[in-house]
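Peer 1: Provided below are the primary sequence and the corresponding predicted coordinates.
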Amino acid sequence: MELLKNKFKQVFGHQNDPQVYFSPGRVNLIGEHIDYNGGYVFPAAINLGTYGVCAKREDLNFRMFSEQESKLGMIEVSLDTLDYNKNHEWANYVKGVIKYLKEHQFDILFGYDLYIDGNLPTASGLSSSASLEVLIVYIANDIYGLNLSRAEMALIAQSVENDYMGMHCGIMDQLSIACGVKDHALLMNTATLEMKPMTASFEGYVWVIMNTKYPRKTTDSKYNERRHECEMALKKIQTKYTVAYLCDLKPENLPNIKELLNDALLYKRVKHVITEQDRTLRAMEMMQNHDPIGFADLLNQSHESLKTDYEVTGLHLDSLCEAARRHGAIGARVTGAGFGGCAIALVESNQAEHMKQEVKKIYLEKTSLHAEFYSVTFEDGVQEVK
Ligand code: GLA
């Protein structure tokens, strides 16, 4: 806390006592690429995340500095210069939120100085961008007294990601970061935004996050492409079925859907979506029955479906998961959007260290990259740190 405040004072050169906020990242345990198809997903907010240190200004200017992007230096904008600017990189998320609030008639009567630091690897499938966006909405809610609910904050952050940043993501990341509950994951119905906190651990086992360290350059365009494919398939399906979302369909509908779509690629995408929804619901039963083996089996099936039918994994993620399974993990799968980024493994506690060592070696040989591992805890959503 004191370190962060001192950094803030150093960077901005004034003595105002700032407020400190923390916004978590998230890991999704199962239910991938179905939050924009009205499905159930099972994410948790984690202890890695983004800190924001902020103090009000007397004018309408915003000065921002990120420790992770220090090469960009201090970025300064005013309430009138909030349009997207490629050169501002990370700061666009902040500008996008402020622009949204201004355009939606919230009173923004002063600017602020903002220092950002964090320990969440960026572009890695742990939602560093949603963590930052929700943080900025939360700070605005606090210092401008906007009276937003946590779900409203998540929706604003998603809207900025969709319309200002051009990434057509679903609501899972923003909602789990806004509404996380300590020691729980959230069973989230993305059609209604209802959430149920559930225990997400098995006695004698730990979750390990494995980072491919593979940079995901084309993620946004590939992600938008998948979403578009789902929308096209839904339109065709709606000519015969009265459904609002792909996840309203059941695995037994698949043979008829195959005929109706008459398109191998779209069918593969829909098959993933419908079976993933089914796997997520079955995983909840496994969780309630304290059945780690059954849960892990669904993790493995989920990865296979994301690899073969949804095609969002690739050599790096596949290698990590295979190596993990070979060396003690009972289940492993990609988490988040895919195309690089992170995977998760469920592994017996006393096997975890051995697994990390072995996976590290195999992965290095195969890809020349140094995988990283994180043991995380599940945490509450965004908040002020006092
Ligand atoms: C990204 C998106 C989420 C979700 C996942 C895939 O993290 O931001 O909305 O679609 O990918 O499950």
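Peer 2: Done, it's in.
Peer 1: and the gap between residue 340 and the ligand?
Peer 2: Taking CB to the nearest ligand atom, to the nearest Å as the criterion, residue 340 is separated from the ligand by 12 Å. Any C-beta I mention is one placed from the backbone N, CA and C, and that applies to glycine too.
Peer 1: that residue should be in a strand, yeah?
Peer 2: No: assessed by DSSP: H, G, I helix; E, B strand; the rest coil, residue 340 does not belong to a strand; its assignment is coil.
Peer 1: list the contacts for it?
Peer 2: By CB atoms under 8 Å, 6 or more residues apart in numbering, the contact list for residue 340 reads 123, 124, 125, 212, 214, 215, 216, 219, 314, 316, 317.
Peer 1: tabulate those residues (TSV), appending neighbour count, distance to residue 374 and pLDDT.
Peer 2: Written out in TSV, the entries for the contacts of residue 340 read as follows (neighbours: other CB atoms under 10 Å; distance: CB to CB, whole Å; pLDDT from 0 to 100):
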residue	neighbour count	distance to residue 374	pLDDT
123	17	15	81
124	24	10	86
125	28	12	89
212	28	13	97
214	21	16	92
215	15	18	75
216	21	17	68
219	19	20	69
314	16	21	94
316	24	17	96
317	27	16	97
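Peer 1: in strands only, show me those residues.
Peer 2: The members of the contacts of residue 340 all map outside strands under DSSP state E.
Peer 1: near the ligand, from those residues?
Peer 2: Filtering these for proximity to the ligand (criterion: CB under 6 Å from any ligand atom) leaves nothing.
Peer 1: show me which of those is closest to residue 48.
Peer 2: Of all these, residue 48 sits closest to residue 124, with 9.9 Å by CB to CB.
Peer 1: roughly how far does the residue in the stretch 201-350 of the chain that the ligand sits nearest to sit from residue 33?
Peer 2: Going by CB to the nearest ligand atom, the ligand is nearest to residue 337 of the stretch 201-350 of the chain, at 3.5 Å. Counting by CB to CB, to the nearest Å, the separation of residue 337 from residue 33 is 8 Å.
Peer 1: those two: who's more crowded?
Peer 2: Here residue 337 and residue 33 are set side by side on neighbour count (other CB atoms under 10 Å), and the busier one is residue 33, at 27 against 23.
Peer 1: so that one sits in a strand?
Peer 2: No: according to three-state DSSP, the state of residue 33 is coil, so it is not within a strand.
Peer 1: please verify my assumption that it contacts residue 276.
Peer 2: Yes: applying CB atoms under 8 Å as the test, residue 33 and residue 276 come out as touching, 7.1 Å apart.
Peer 1: need the overlap of contacts for the two.
Peer 2: Common neighbours of residue 33 and residue 276 are listed as residue 306 (criterion: CB under 8 Å, 6+ apart).
Peer 1: return the residues of the stretch 101-250 of the chain in contact with the ligand.
Peer 2: Counting by CB under 6 Å from any ligand atom, the residues of the stretch 101-250 of the chain that sit close to the ligand are 127, 169, 170, 172, 173.
Peer 1: show me the contacts for the fourth one.
Peer 2: Residues touching residue 172, when contacts are defined by CB under 8 Å, 6+ apart, comprise 26, 28, 31, 35, 41, 43, 188, 190.
Peer 1: hmm, 10 Å instead?
Peer 2: If a contact means CB atoms under 10 Å, 6 or more residues apart in numbering, then residue 172 has 26, 28, 31-36, 39, 41-43, 127, 130, 154, 158, 186, 188, 190, 336 as its contacts.
Peer 1: now, those residues that are in helices?
Peer 2: Residues from these lying in helices, with DSSP state H as the criterion: 130, 154, 158.
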